[in-house]
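Enquirer: Have a look; sequence and predicted model below, questions after that.
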Amino acid sequence: MVELLKKAFQEQYDEVEDDAVLKITGASDKPLECIRRYKNERNPNVAVTVDLLTTGIDVPRICNLVFIRRVNSRILYEQMLGRATRKCDEIDKAVFRVYDAVDIYSNMQEYSDMKPIVNDPKITFGQLEKEIREVDSDSMKQLAKDQFIAKLQSKKRHLDENQTWKFESKSGMNPDDFIKHISSLPIKEVADWFIKNPDLGEILDQKREMRRIAIPIAEGDDSVREIQRGYGDKKAIKPEDFIEGFQKYIAENTNKIAALKLIVQRPKELTRKQLKELQLQLEEIGYREQDLKIAYKATTNVDIAAGIIGFIRQAALGDVLIPWETRVDDAVQKFLSTGDWTKPQENWLKKITAQMKKEIIVDKNSMNTAQFKDAGGFNRINKVFEGKLEKVLKDINELVWEKQA
């Protein structure tokens, strides 16, 4: 088998290193040394074995199993499968493959307790979400939940920037935190969450956007007649008209959309989840933050990264457009001047400042995610601020949006 594999690799890749494929059995010369090399070194990376590696060895990077001899023991079969079930974050391992040359899988399926969580890989996130919400049986709901989590573990590595942004806008969490969140909830609470937050499955089922590049073909000389820019789905529109349309939308919807009303009247009370949902809503009608930035630059000849809240308040209240990072730095400096802070408190304020620049809003919920969660989350950091962390966050958010000349 070793020689057959080397020959196949030679034909496929032109060359193969001599020690890339190795037989590791009880009869091998120094089998423990061979196992150590297989686990820790680049070569061998294909091991051919009989019985020796079925149990008692942990090589997390194994992601392919090839069965070339049938066994009749369920326990032995599951031990063989177990070699590939180890989690390996180093290579973002989410699945493993079984190449079954002797039909052992179907032969043992009736007797084995090890089943794939997602029996039908073609089942959609939308269908699983619907089952979680609507089926009557708690056991079926639980199965759909487990399948949803398993598919998301694999899908999250392939989300592009736009899909990730839409996912976080809808769920209020990144994929890893969302998986941990619903994994910890009873099935009824998971179903209630999906009822209150529908269509997350639809976002995950979307394919990556593949832009087709049109190749114009024409005879004769080309000439430039006019240059116009498109903004989102608003093609060939002047920047003044784009901004005017945005201002009109804000004026007409401030009292209709809760998040818009908060941004205009009480921005310090806006939550990260509300902001993400609003950003998604604005994007769907063509008002992306990046397009607004470009349009304002085209009309003022000044490049200002004011952030979506800044653009909304400018449209509604005439606020001066100030770079978002400048607003945060100024607010934190004013806040620091209001009291004497311990060194640990100052260190946390620096981290909060950095996170605000990145995420815009840092509230109580966001203190239980990302770097804050690793440090103990809201409850632990709140002790550093003597139980006043929530007030600290609100005070900083209020200073950020103080009226400036």
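Expert: Ah, there it is. Residues are numbered from 1 along each chain as shown.

Enquirer: helix or strand right after the lowest-mean-pLDDT helix or strand in the chain?
Expert: Comparing every helix and strand of the chain by mean pLDDT, DSSP states H and E singles out helix 370-374 as the least confident one, with a mean of 72. Sequence order places helix 377-384 as the next helix or strand after helix 370-374, per DSSP states H and E.

Enquirer: What residues of that following helix count as buried?
Expert: By neighbour count, and taking 16 or more other CB atoms under 10 Å as the criterion, the buried residues in helix 377-384 are Phe378, Ile381, Asn382, Val384. Just so you know, the C-beta spots here come from the backbone N, C-alpha and C atoms, and that holds for glycine as well.

Enquirer: for stretch 85-103, same thing?
Expert: For stretch 85-103, burial by neighbour count (16+ other CB under 10 Å) applies to Lys93, Ala94.

Enquirer: distance between that stretch and the chain's centre?
Expert: Taking CA atoms, centre = their mean, to the nearest Å, one finds stretch 85-103 lying 22 Å from the centre of the chain it belongs to.

Enquirer: ok, residues contacting that stretch?
Expert: Contact partners of stretch 85-103, identified using CB atoms under 8 Å, 6 or more residues apart in numbering, comprise 58-70, 81, 84, 105, 153-154, 157.

Enquirer: again, but for stretch 162-171
Expert: Taking CB under 8 Å, 6+ apart as the criterion, the residues outside stretch 162-171 that touch it are 159, 174-175, 178, 197, 199-200, 203-204, 206, 208-209, 276-277, 279-280.

Enquirer: how about the spatially most central residue of the chain, what does it touch?
Expert: Closest to where the C-alpha atoms of the chain average out (CA atoms, centre = their mean) is Pro175, at 4.0 Å. With contact taken as CB under 8 Å, 6+ apart, Pro175 is in contact with Leu152, Lys155, Lys156, Leu159, Thr164, Phe167.

Enquirer: ok, of these, which come out buried?
Expert: The neighbour-count criterion (16+ other CB under 10 Å) marks Leu152, Lys155, Lys156, Leu159, Phe167 among the contacts of Pro175 as buried.

Enquirer: okay, these in JSON lines with pLDDT, distance to Ile294 and secondary structure next?
Expert: Formatted as JSON lines, the buried ones among the contacts of Pro175 follow (pLDDT from 0 to 100; distance: CB to CB, whole Å; DSSP: H, G, I helix; E, B strand; the rest coil):
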{"residue": "Leu152", "pLDDT": "89", "distance to Ile294": "34", "secondary structure": "helix"}
{"residue": "Lys155", "pLDDT": "84", "distance to Ile294": "31", "secondary structure": "helix"}
{"residue": "Lys156", "pLDDT": "84", "distance to Ile294": "30", "secondary structure": "helix"}
{"residue": "Leu159", "pLDDT": "83", "distance to Ile294": "25", "secondary structure": "coil"}
{"residue": "Phe167", "pLDDT": "86", "distance to Ile294": "25", "secondary structure": "helix"}
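
Enquirer: What is the nearest of these to Leu317?
Expert: Distance ranking of those against Leu317, using CB to CB, places Phe167 first at 31.4 Å.

Enquirer: Need the nearest residue in space to Leu262, chain neighbours excluded.
Expert: Closest residue to Leu262 apart from its sequence neighbours, by CB to CB, 6 or more residues apart in numbering: Leu270 at 4.6 Å.

Enquirer: so that neighbour sits right up against Ile361, yeah?
Expert: Yes - Leu270 is in contact with Ile361 according to CB atoms under 8 Å; the separation is 6.3 Å.

Enquirer: Quick check: neighbours shared by those two?
Expert: With contacts taken as CB under 8 Å, 6+ apart, Leu270 and Ile361 have Asn397 as neighbours in common.

Enquirer: Domain-wise, how is the chain divided?
Expert: 2-108, 125-205, 239-321, 325-400 (automatic domain parsing).

Enquirer: which regions of the stretch 51-200 of the chain sit below the pLDDT cut-off?
Expert: Counting by pLDDT under 70, the stretch 51-200 of the chain shows low-confidence ranges at 55-56, 110-121.

Enquirer: I'm done for today, thanks for sticking with me.
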